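S.K.: quick check, what structure comes out for this input:
(2 chains)
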Amino acid sequence: MLVMDLVEKFDLSIAAGKTGLDREVMDGYCGDLLSEIMGNAPAGCAWLTVQGHQNIVAVAVLREMAAIIITGGQEPDEETIQKADQEGVPILLWPNSSYRLAGRIFGVGVGNLASDVKKI
Amino acid sequence: MLKKFKADLHIHSCLSPCSDWDMSPKKIVEKSRERQLDLIAICDHNTAENAAATSREGNRQGIAVLPGMEICSREEVHLITLFKQIEDALKMQEFIYAHLPGKNKPEVFGHQVVADEHDQVLGENDHLLIGATQLSLLDIVAKAHQLGAICISSHVDRPSYSLIGQLGFIPEDLHLDAVEVSYRVPLDKALDEVPGIKDYPCVTASDAHFLKDIGKVWTEFILAAPTLEEIQMALAGIEGRRILNDTE
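M.R.: Numbers count the residues shown, from 1 in each chain, chains lettered A, B, ... in the order given. Model prediction:
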């Protein structure tokens, strides 16, 4: 699934990084503590967070994420939008909670349930 | 004799990865003079390596420079720590470095330039200064106080990296000396709207990452001299030392 497919399926609005909409979404990740995300988010993920600070773009680049989805009706700072446009990192907006969107994204097959079961 | 001192207690140098290249010790002091500041503090993220050079340049140009750090706790709350002398700041820095994982990637996070007071580059710091320490806010405040520092909770009106934004309220057992309100909100509005900050002395500072922002907002103190000890007295409101409000 591509970032643009997520946009269409879930009616997300695009805040920045339009040039990255053709990236493939391999997995998902939720979290708001940037140090934790920097250590653990998988490459190619769509990251759901309420953070709008410009550092989220650097974290997304570092972890080679597919996209950032700002949830809970939060908005990115102006500097965040500029950086995301420069880096081509899509920033999408979702008005409801991370939980509600994560469930929907998982429901359409992003993220591998089998690998989770093995870990447990 | 007591007099008025105009202070900007939160300025980043070119050592902070998110800060502009032009924020050299020399240029920071020059701009501070232009903005008629009497007292500034250098508070880079999780480091104090440019504080001594800025202080030397301050001595030369007649501006008092306090060594400081803006430390990021494991809760990702930013805390300003201000020290009496550089030796204390460097002791704190050693403690912070021991609890700060990771190496910087300049191409992702930005360059971390150590410079002297003559605009000479001395090298690059390779710690992940943009990162969070593994220390709790309580740990950081305890260590800083042990070293005689002042602890000020950064930009409490902001959603990112602030005490209120990350933790929702000010923990009762956190012994802050003051809180800082950013330039983005008028002080009286912040005092009304940010829960719990009325109980603390409140300063405003620029949090400048670019030269043009130095002194964008500031705090006026009534002090006998521009030193940390005097600011401590002002925050405690003793012997006539105090923060001068906008309305006075």
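
S.K.: which residue ranges of chain A form helices?
M.R.: A:3-10, A:34-40, A:55-62, A:78-87, A:98-107, A:113-119 (DSSP state H).

S.K.: now the fifth one and helix A:3-10, what's the angle there?
M.R.: Relative orientation of helix A:98-107 and helix A:3-10, computed by axes from the mean of the first three to the mean of the last three Cα atoms, to 10 degrees: 110 degrees.

S.K.: mind checking if helix A:98-107 is in reach of chain B?
M.R.: No. Helix A:98-107 stays clear of chain B (Cβ under 8 Å from any Cβ of the partner chain), getting no nearer than 15.8 Å. For the C-beta atoms, the positions are set from N, CA and C on the backbone; glycine is no exception.

S.K.: same thing with the second one?
M.R.: Yes. Judged by Cβ under 8 Å from any Cβ, helix A:34-40 comes into contact with chain B at A:L34, A:S35, A:M38.

S.K.: ok, back up a step: please identify the deepest-packed of the helices of chain A.
M.R.: helix A:55-62 (a mean of 22; mean count of other Cβ atoms under 10 Å in any protein chain shown).

S.K.: and stretch B:104-113, is it in reach of chain A?
M.R.: Yes. Part of stretch B:104-113 sits near chain A under the criterion Cβ under 8 Å from any Cβ, namely B:K105, B:V108, B:F109.

S.K.: out of these, the closest to B:D38 would be?
M.R.: B:F109 (33.2 Å; Cβ to Cβ).

S.K.: these two touch, right, that closest one and B:P17?
M.R.: Yes. Counting by Cβ atoms under 8 Å, B:F109 sits close enough to B:P17 to count as a contact (4.4 Å).

S.K.: now stretch B:110-124: buried residues?
M.R.: Neighbour-count burial for stretch B:110-124, with 16 or more other Cβ atoms under 10 Å in any protein chain shown as criterion, is recorded at B:G110, B:H111, B:Q112, B:V113, B:V114, B:A115, B:D116, B:E117.

S.K.: for the third one, which residues are in contact?
M.R.: Applying Cβ atoms under 8 Å, 6 or more residues apart in numbering or on different chains, one finds that B:Q112 lies in contact with B:L15, B:S16, B:P17, B:T47, B:N104, B:P106, B:E124, B:N125, B:D126, B:H127, B:L129.

S.K.: output the below-cut-off pLDDT ranges for the chain.
M.R.: Unless you meant another one, I'm taking chain A. Applying pLDDT under 70 to chain A picks out residues A:112-120.

S.K.: to clarify, I was referring to chain B.
M.R.: B:246-248.

S.K.: and it, which residues reach chain A?
M.R.: Going by Cβ under 8 Å from any Cβ, the residues of chain B near chain A are B:18, B:74-76, B:102, B:105, B:108-109, B:130-132, B:159-161.

S.K.: mind putting these into CSV with neighbour count?
M.R.: CSV is the format used below for the residues of chain B next to chain A (neighbours: other Cβ atoms under 10 Å in any protein chain shown):
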residue, neighbour count
B:C18, 16
B:R74, 17
B:E75, 17
B:E76, 23
B:G102, 16
B:K105, 15
B:V108, 15
B:F109, 21
B:I130, 24
B:G131, 23
B:A132, 25
B:P159, 16
B:S160, 18
B:Y161, 23
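
S.K.: which ones among the residues you listed are found in helices?
M.R.: Using DSSP H, those in helices are B:V108, B:F109.

S.K.: what's the closest of the residues of chain B next to chain A to B:P171?
M.R.: Closest to B:P171, out of all of those and judged by Cβ to Cβ, is B:E75, at 9.8 Å.
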